[in-house]
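Q: mind looking at a prediction? Sequence and model below.
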Amino acid sequence: MEIVPAVHMIEGISAHCYLIDGPELTLIDTGMPRKTKKILSYITNTLHKTPVDLKTILLTHCDIDHIGNARELRSITGATIAAHPLDADIIAGKKPRKTPRKTMEILFRMLGSILQVKPFPVDEILDNGDVIAGLTVIHLPGHTPGSIALYDPKRRVLFVGDSLGCKDGIVQGPPTSVTWDMEQVYTSLEKLRSLDFSVMLSGHGEPLTSNASAKVSQFITNIHKTKTT
């Protein structure tokens with residue numbers, strides 16, 4: 001599904017992943033495991049490109065429903081995988097994925113084992129302010145230590161991973177049960193106030209396609225008001 005010109009959401013994959021079309025293809029997140037064929041089918045049947053046109057895979061964070069097909073896609077397409085260093089260590093199996101609830105940490109490990117997601121190294125490290133494939137990296141620690149957003153100033157689109165969500169046109173924060181540090185999330189979100197974007201695309205929920213920047217700023221303001229009352 002094309003959200004705005006050249007920006008596509010591949011439906012039927014949890015969590016959402018997004019393809020940016022151009023001379024080279026860029027994939028943001030890869031969904032739950034065993035969806036590689038669906039992603040490749042979208043590239044070939046909808047975009048009429050070839051798998052090797054996929055050059056860059058950007059991971060907004062380390063959760064299994066975002067990295068699930070990255071390793072296999074790299075093997076097939078030769079694409080470069082990039083992530084923030086704090087989550088790259090988790091993706092590579094060097095550090096555990098931590099949550100406020102120990103039971104959720106156990107669940108993440110079990111899912112990885114059941115779905116046979118093996119740790120893998122990323123090819124490129126991304127830090128705050130870096131630009132890759134025309135997208136500016138914004139480090140938003142909180143949901144995970146290395147969560148990032150990716151800002152497309154040309155199209156005025158913000159990809160936020162799981163740092164924010166949207167339901168019925170209303171901006172939401174990430175689930176507390178699987179978020180490393182909720183207070184850190186709210187602090188990190190302040191970085192988004194200075195950005196000019198009309199569309200927000202998150203890992204879960206619906207695309208926010210109108211007045212996204214203003215709605216995100218209002219969400220941040222409301223959070224601060226709630227904390228001070």
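A: Looks like it came in fine.
Q: contacts only, for Leu27.
A: 17-20, 39, 54, 56-58, 73, 79 (Cβ atoms under 8 Å, 6 or more residues apart in numbering). C-beta coordinates here come from the backbone N, C-alpha and C atoms, glycine included.
Q: nearest spatial neighbour of it, skipping sequence neighbours?
A: Ile57 (4.9 Å; Cβ to Cβ, 6 or more residues apart in numbering).
Q: which strand or helix spans the one you found?
A: If you go by DSSP states H and E, Ile57 is part of strand 54-58.
Q: could you say what helices and strands the helix or strand following that strand packs with?
A: Proceeding N to C from strand 54-58, the next assigned helix or strand is helix 64-67, under DSSP H and E. In terms of contacts (3 or more Cβ pairs under 8 Å, 6 or more residues apart in numbering; DSSP states H and E), helix 64-67 is packed against helix 102-114.
Q: related to what we said a few turns ago, residues in contact with the strand holding Ile57?
A: In contact with strand 54-58 (Cβ under 8 Å, 6+ apart) are residues 24-30, 43, 70, 73-74, 77, 79-83, 126, 132-133, 135, 150.
Q: try stretch 165-183
A: Contacts of stretch 165-183 (Cβ under 8 Å, 6+ apart): 63, 98-101, 104, 141-145, 162-164, 185-186, 200, 202-208, 215-216, 218-219, 223.
Q: next, the buried residues of stretch 158-176.
A: 158-166, 171, 173-174 (16 or more other Cβ atoms under 10 Å).
Q: which residues in this structure form helices?
A: Along the chain, the segments classed as helices by DSSP state H run 36-41, 64-67, 70-77, 85-91, 102-114, 182-188, 212-228.
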